[in-house]
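Novice: this one's structure only:
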């Protein structure tokens, strides 16, 4: 089986937050459900944008739309785990960029990677239903 490969940059994250695994996030296997992890990715992205004064509908005047998603599950997450989300903006093009996630928890005194993810985000004009350029003000702040 071919596995998804997500390479997390070796630098300080652009944003960090912590979210708890709630009872509603647990599946019949008694661990974090895959659909709930995707919801937590979305929540951490919204928190990141909010911390910078943005929303998904207003990043320097343009909207973002998710183009793709990859998740590499590494370990189970359990009820009550405090998940650390480290987010990295990478791979800027004229209309899109990638958001990489490293999700971890501390268990038995050790940092344990729960998952890594990549979301492709595209600048989008919802009125005309087409992709548009990333605002220069955004790339100047966050593009390496």
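Specialist: Perfect, I can see it now. If you're wondering where the values come from, they're calculated on a predicted model, not measured in any experiment. Residues are numbered from 1 along each chain as shown.

Novice: how much space between residue 59 and residue 120?
Specialist: 15 Å (C-beta to C-beta, to the nearest Å). C-beta coordinates here come from the backbone N, C-alpha and C atoms, glycine included.

Novice: between the two, which is the more surrounded one?
Specialist: residue 59 (20 against 16; other C-beta atoms under 10 Å).

Novice: report the contact partners of residue 88.
Specialist: 8, 9, 11, 13, 14, 99, 100, 101, 102 (C-beta atoms under 8 Å, 6 or more residues apart in numbering).

Novice: just the residues you listed now: which is nearest residue 71?
Specialist: residue 101 (8.7 Å; C-beta to C-beta).

Novice: what is the closest one paired to in the beta sheet?
Specialist: Counting by DSSP bridges, residue 101 is bridged to residue 87, residue 117.

Novice: that one against residue 83, yeah?
Specialist: No: applying C-beta atoms under 8 Å as the test, residue 101 and residue 83 come out as separate, 10.2 Å apart.

Novice: show the buried residues in the contacts of residue 88.
Specialist: 8, 13, 14, 99, 100, 101, 102 (16 or more other C-beta atoms under 10 Å).

Novice: pLDDT added to these, as a markdown table?
Specialist: What follows is these, written out as a markdown table (pLDDT from 0 to 100):
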| residue | pLDDT |
| --- | --- |
| 8 | 97 |
| 13 | 97 |
| 14 | 96 |
| 99 | 98 |
| 100 | 98 |
| 101 | 98 |
| 102 | 98 |
